[in-house]
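The sequence and its predicted three-dimensional model are supplied below.
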Amino acid sequence: MAATLFLKPCIFLHRRTLFALPLRFSSFSTSSATAAPFPENKVHRSRQSPAVSASLLELGGGVNISRDEIVKDDPTNNVSDTIFSKLGMQLHRRDQHPLGILKNAIFDYFDTNYPNKFEKFDNLCPLVSVKANFDDVLVPADHVSRSYNDTYYVDSETVLRCHTSAHQAELLRQGNTHFLVTGDVYRRDSIDSTHYPVFHQMEGVRVFTPADWEGSGTDGTLYAAEDLKKCLEGLASHLFGGVEMRWIDTYFPFTNPSFELEIYFQEKWLEVLGCGVMEQEILKRSGRTDNVAWAFGLGLERLAMVLFDIPDIRLFWTSDKRFTSQFAKGQLGVKFKPFSKYPPCYKDMSLWISDSFTENNLCEVVRGIAGDLVEEVKLIDNFTNKKGMTSHCYRIAYRSMERSLTDEEINDLQWKVREQVETKLKVVLR
């Protein structure tokens, strides 16, 4: 259901998706800062030339769109050129990419254990309505994930999906009862080695009719929960081998009961996914009043980083052959061999913040200027003076995964960051 809601953002090394382990709804991820939905926290973008704007981009599902339809001057739009550049890349559909290899391994598990049962959708358009992204999966109206601080809005009624659960209600209405949805999802987030504003999720749904559980000696909810756990324990074994597992009771807005599956791997407990028995209201809205269903969500990057020993989430986006040549179709779990370790450069920035300041907005500005050359933005100090003014000091780590950065270009980046932070975020640099 909500892969997001089921996932934890981090790449899912911490809570951010709603399902996948919670959108920071993780759909199951969550975000740390609550901000007003729109203009007061708006980060503006510069316009590009008409030639760039006019070219069409294929998003999936047969949808072609221009930059000006995604990055525009609508007062509710907060999609940057950095985010636009990731649209249509569909890393999960590349068979020799770690994410594609993992996706196909999961598909193999379901094809083997549930032959001809599960429909697979991995080319659905990431542009969805606010209703599909939030309302249809019962995300509360005041949930932090709806804020401008957490979600990329194209306009007041359209977003870049925060989780693959955004397609759940439509697929149920179309009559699908067993399906897997994989896709790129988008969330404004912090900057470090396990977080990125674009990542990939998979969610699975299975619907049962009364005929399935009648005669089992149990009710539909318990029947679905037992079937869900059996299915996902098998999936975990398929991916990780014979590992110890445990189930943790939790809360997701779209399932009840809800669970998280953890495995003991490499001498520590690792959260693999979020799941549960779908809320009846979702099924009723889809015309399935007598049915029961389960749903799960997982983050592909989260698991791929563990299975392939990939230390930095930015590596998934590199085209450097020293990375891409290490992986091949069907080879799950090949350990990544670091090809170089270039030194980081640290720059500190202190500022007096305003009430509308959020760290996600700061990270958007830094990413917009430095792109993937920024490795981390970390709060290292804060205090409030006698006048009630609050100061934050952030340490920005610049590091390329492919080359050594020069002092000149780092200083230039930092100067531009300082200038844009002061202008766009309405803060005072110290």
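Now that the structure is in, tell me what you want to look at. Numbering: from 1, shown residues only.

Count residues in the vicinity of the residue nearest to Val205 when sequence neighbours are not counted, would you?
Once flanking residues are discounted, Val205 sits nearest to Ala295: 4.9 Å by Cβ to Cβ, 6 or more residues apart in numbering. Using the backbone N, CA and C atoms, a C-beta is placed for each residue, glycine as well. Ala295: 31 surrounding residues under other Cβ atoms under 10 Å.

ok, then the element right after the helix or strand containing Ala295?
Per DSSP states H and E: Ala295 is located in strand 292-299. Sequence-wise, the next helix or strand downstream of strand 292-299 (DSSP H and E) is helix 300-308.

what angle do that following helix and strand 292-299 make?
Interaxial angle of helix 300-308 relative to strand 292-299 (axes from the mean of the first three to the mean of the last three Cα atoms, to 10 degrees): 60 degrees.

Identify each buried residue in whichever helix or strand comes after helix 300-308, please.
Next helix or strand after helix 300-308 toward the C-terminus (DSSP H and E): helix 321-324. For helix 321-324, a neighbour-count test (16 or more other Cβ atoms under 10 Å) marks Phe323 as buried.

Any regions of the stretch 151-300 of the chain where pLDDT drops low?
Low-confidence segments of the stretch 151-300 of the chain, defined by pLDDT under 70, are absent.

Okay, strands next: where are they in the stretch 51-200 of the chain?
Counting by DSSP state E, counting those that start in this stretch, the stretch 51-200 of the chain has these strands, from start to end: 56-60, 63-66, 119-121, 127-129, 153-155, 158-160, 178-186, 198-208.

and these, which is most packed in?
strand 198-208 (a mean of 27; mean count of other Cβ atoms under 10 Å).

Next secondary structure element downstream of that one?
helix 210-213.

Could you list the buried residues of the helix or strand following that following helix?
Next helix or strand after helix 210-213 toward the C-terminus (DSSP H and E): helix 220-240. Within helix 220-240, the residues that count as buried by 16+ other Cβ under 10 Å are 220-221, 223-225, 227-229, 231-232, 235-236, 238-240.

So what are the sheet partners of the helix or strand following helix 220-240 and their directions?
Per DSSP H and E, the first helix or strand lying C-terminal to helix 220-240 is strand 244-252. Strand pairing for strand 244-252, using DSSP bridges, gives strand 255-265 (antiparallel).

what sits up against the strand it pairs with?
1, 19, 21, 221, 225, 228-229, 232-233, 236, 240, 243-252, 269-279, 294-295, 306 (Cβ atoms under 8 Å, 6 or more residues apart in numbering).

again with stretch 80-92
43, 45-46, 48, 57-60, 67, 70-71, 97, 99-100, 103, 122-123, 126, 152, 160, 182-184, 186, 197-198, 200, 300, 316-317, 364, 367-368, 371.

Thr76 against Thr158, yeah?
No - using Cβ atoms under 8 Å, Thr76 makes no contact with Thr158, being 9.3 Å away.

so how far is Leu283 from the closest residue to Phe179 other than its chain neighbours?
Take Phe179 and drop its neighbours on the chain: the residue closest to it by Cβ to Cβ, 6+ apart is Glu119, 4.5 Å away. Distance, Glu119 to Leu283, by Cβ to Cβ, to the nearest Å: 18 Å.

just Asn104 next, same as before
Distance from Asn104 to Leu283, counting by Cβ to Cβ: 30 Å.

Which stretches in the stretch 1-150 of the chain count as helices?
Here the stretch 1-150 of the chain has its helices, by DSSP state H, counting those that start in this stretch, at 50-54, 81-84, 98-113, 130-133.

In JSON lines: those, plus mean pLDDT.
Below are the helices of the stretch 1-150 of the chain laid out as JSON lines (pLDDT from 0 to 100):
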{"stretch": "helix 50-54", "mean pLDDT": "43"}
{"stretch": "helix 81-84", "mean pLDDT": "94"}
{"stretch": "helix 98-113", "mean pLDDT": "98"}
{"stretch": "helix 130-133", "mean pLDDT": "96"}
